[in-house]
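**Student:** Here is a sequence together with a model predicted from it:
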Amino acid sequence: GDSVTQTEGLVTLTEGLPVMLNCTYQTIYSNPFLFWYVQHLNESPRLLLKSFTDNKRTEHQGFHATLHKSSSSFHLQKSSAQLSDSALYYCALSFLDSNYQLIWGSGTKLIIKP
Amino acid sequence: AQTIHQWPVAEIKAVGSPLSLGCTIKGKSSPNLYWYWQATGGTLQQLFYSITVGQVESVVQLNLSASRPKDDQFILSTEKLLLSHSGFYLCAWSLRGQGAGQDTQYFGPGTRLLVL
């Protein structure tokens, strides 16, 4: 079945270093939609990025991701981590005919230390 | 502007007692609505979705049920709580008619539930 894999459960970085959170997906459909949601402590998740265009970089709030259908990946990156980036990050998958379900990854907790 | 309200904010309930959680969306007509559950420190689990009044589809039941009595209201309930029901319950909405794959989901503030 369809699935999303986030290999890192916890990533701890020092402020100023680059961030890369991995997301790979598995699906039989050729037109996936990929999302990154961010959830800060005691808050609700909110959309950070989304994409359905192959090999096109999507950017928002200093973060960027590129959907690579050839490798089924949608990794989240940022050039320089800030303390405020500490949060839980979810990668999610959907399709045009998804019957309204988002398939969620298990999430990556990002902790940025000074 | 659209707003999403969930009630109650938090609840402490006894095992075996009934539960009703509510969600209201204002400022959006005929949204798609969703219920999610998140265990403490856990991942998001979609429970139910609804694309129209009176119609609710189950994704994972977890001994819970959902109803959509009005266009802007989504209710999650159970007659008998289990310890495993503890967690964070989130309601979300998305625009209807854009194609599910493109819909951004907007989450409410959530309800924290502790079952003892």
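**Tutor:** Good, I have the coordinates. Numbers count the residues shown, from 1 in each chain, chains lettered A, B, ... in the order given.
**Student:** and stretch A:18-33, does that touch chain B?
**Tutor:** Yes - contact between stretch A:18-33 and chain B is present through A:31-33 (criterion: C-beta under 8 Å from any C-beta of the partner chain). Yep, even glycine has a C-beta here, placed from its N, CA and C like the rest.
**Student:** Of these - the most surrounded one?
**Tutor:** The most neighbours of any of those, using other C-beta atoms under 10 Å in any protein chain shown, belong to A:P32, which has 25 neighbours.
**Student:** and that one, what does it touch?
**Tutor:** The contact partners of A:P32, taken as C-beta atoms under 8 Å, 6 or more residues apart in numbering or on different chains, are A:25, A:52, A:67, A:69, A:93-95, B:101.
**Student:** Equivalent analysis for B:S84, please.
**Tutor:** B:62, B:115.
**Student:** neighbouring contacts of the helix-or-strand element of chain A with minimal mean pLDDT?
**Tutor:** Every helix and strand of chain A was ranked by mean pLDDT, DSSP states H and E. The lowest is strand A:103-104, at a mean of 90. Residues outside strand A:103-104 that contact it (C-beta under 8 Å, 6+ apart) are A:2-4, A:25, A:90-94, B:43-46.
**Student:** Name every strand pairing with the helix or strand following it and say which way it goes.
**Tutor:** Counting by DSSP states H and E, the next helix or strand C-terminal to strand A:103-104 is strand A:108-113. Under the criterion DSSP bridges, strand A:108-113 sits next to strand A:10-14 (parallel), strand A:87-95 (antiparallel) in its sheet.
**Student:** Next to chain A, which bits of chain B? Give me the list.
**Tutor:** Counting by C-beta under 8 Å from any C-beta, the residues of chain B near chain A are B:32, B:34, B:43-46, B:49, B:51, B:57, B:59, B:90, B:94, B:99-110.
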